[in-house]
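Q: got a predicted model here, sequence first, then my questions.
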Amino acid sequence: MSALLEVSGVSVSFDGFKALNNLSFSIGKSELRAVIGPNGAGKTTFMDVVTGKTRPDEGRILWGEPPVSLLGKSESAIAVAGVGRKFQRPTVFEDQSVQDNLMMALSKPRTPFSVLTFKPASVDYARIKELAEVIGLSAELGRKSGELSHGQKQWLEIGMLLAQEPKLLLVDEPAAGMTTAEREKTTRILRDAARDRAVVVVEHDMDFVRKLDCKVTVLHEGSVLAEGSLDHVTGNKDVIEVYLGR
Ligand SMILES: Nc1ncnc2c1ncn2[C@@H]1O[C@H](COP(=O)(O)OP(=O)(O)OP(=O)(O)O)[C@@H](O)[C@H]1O
């Protein structure tokens, strides 16, 4: 499988402390991957370097086919290239309806004035209907987003990101604060999203990671400690030591 994103030998230091230490990571075009690791392992910094928020001191970040370097590109250029990022807390426009939130997301990649001048066409309404089905909010399209449950807001934001058709979606702890039923639905949404794009899920919750049923990358002290199925990595003695303490 050819890689969509290839991170190699990336290091990032903050005041001499290596948050990422010679990190290498690669993901294919339609792949779901969970990234786990104890607090301070470098998960957020990893997402920050991929999205251009933090510049690495060393290493390469190659993207797409033919591969181009993401190093030196701005956060917005990286987003336009197809990297979407979902932060942990949902950020939707609470006073707007679910449909309007999705419509605003659809309008984003056009021009700087697109939100003001955007006139939805029937194709846009059809796309919103489709997105609402993907995120399980078809019955909520007319509701104010502020009235949604925490889980529904998270799904709406995932839908808003999908509206922009990212090639890679980075999702930070989507299951936090969700009910069991919401987690199950989130698993389904992420697995479906990864059918035709790459999805990286940073997660602490092992039950949730198990349900994702995908390859897992374990980070520790800014490097990859282990990689493989969840059973493989949780059976690794280094991983056990890191999680349970020496
Ligand atoms: N801007 C910064 N300045 C100084 N140190 C930082 C900065 N950002 C991260 N760090 C340090 O780098 C290390 C890695 O942090 P990072 O947030 O990437 O870890 P994480 O795996 O996301 O942790 P958590 O699971 O707690 O969110 C931590 O020790 C953190 O304190």
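A: Looks like it arrived, so ask away. Numbers count the residues shown, from 1 in each chain.
Q: tell me which stretches of this structure form strands.
A: 3-14, 17-28, 32-36, 58-63, 68-69, 83-86, 168-172, 198-202, 215-220, 223-228 (DSSP state E).
Q: return stretch 157-177 as CSV; C-alpha atoms alone will do.
A: Only the C-alpha atoms of stretch 157-177 are listed here, as CSV (Å, rounded to 0.1, in the frame of the first residue of the first chain):
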residue,chain,number,x,y,z
GLU,A,157,-18.1,18.4,13.8
ILE,A,158,-16.9,15.3,12.1
GLY,A,159,-19.5,15.9,9.4
MET,A,160,-18.3,19.5,9.0
LEU,A,161,-14.8,18.2,8.5
LEU,A,162,-16.0,15.5,6.1
ALA,A,163,-17.8,18.2,4.1
GLN,A,164,-14.4,19.5,3.2
GLU,A,165,-13.4,16.1,1.9
PRO,A,166,-10.1,15.7,3.7
LYS,A,167,-7.7,12.9,2.5
LEU,A,168,-6.5,12.6,6.1
LEU,A,169,-8.6,13.2,9.2
LEU,A,170,-6.9,13.5,12.6
VAL,A,171,-9.3,13.0,15.5
ASP,A,172,-8.3,13.7,19.1
GLU,A,173,-10.0,11.6,21.7
PRO,A,174,-13.5,11.4,20.1
ALA,A,175,-14.9,9.1,22.7
ALA,A,176,-14.2,11.3,25.8
GLY,A,177,-17.4,12.1,27.6
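Q: mean confidence score for it?
A: The average pLDDT for stretch 157-177 rounds to 95.
Q: who does the residue nearest to the spatial centre of the chain bridge with?
A: Centroid-nearest residue in the chain, with C-alpha atoms, centre = their mean: residue 170, separated by 1.6 Å. Beta-bridge partners of residue 170, counted by DSSP bridges, are residue 85, residue 200.
Q: and it, how close does it get to residue 16?
A: Using C-beta to C-beta, to the nearest Å, residue 170 is found at 27 Å from residue 16. The way it works is simple: take the backbone N, C-alpha and C, and place the C-beta from them, glycine included.
Q: before we move on, back to that, which ones are touching the residue nearest to the centre of the chain?
A: For residue 170, the contact set (C-beta atoms under 8 Å, 6 or more residues apart in numbering) comprises 47, 50-51, 83-86, 200, 202.
Q: same deal with residue 153?
A: Residue 153 touches 90, 92, 145, counting by C-beta under 8 Å, 6+ apart.
Q: what would these look like in a markdown table with pLDDT and distance to the ligand?
A: Formatted as a markdown table, the contacts of residue 153 follow (pLDDT from 0 to 100; distance: C-beta to the nearest ligand atom, whole Å):
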| residue | pLDDT | distance to the ligand |
| --- | --- | --- |
| 90 | 82 | 17 |
| 92 | 93 | 22 |
| 145 | 97 | 26 |
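Q: list only buried entries from these.
A: 90, 92, 145 (16 or more other C-beta atoms under 10 Å).
Q: and of those residues, the nearest to residue 239?
A: The nearest member of the buried ones among the contacts of residue 153 to residue 239, counting by C-beta to C-beta, is residue 90 at 30.5 Å.
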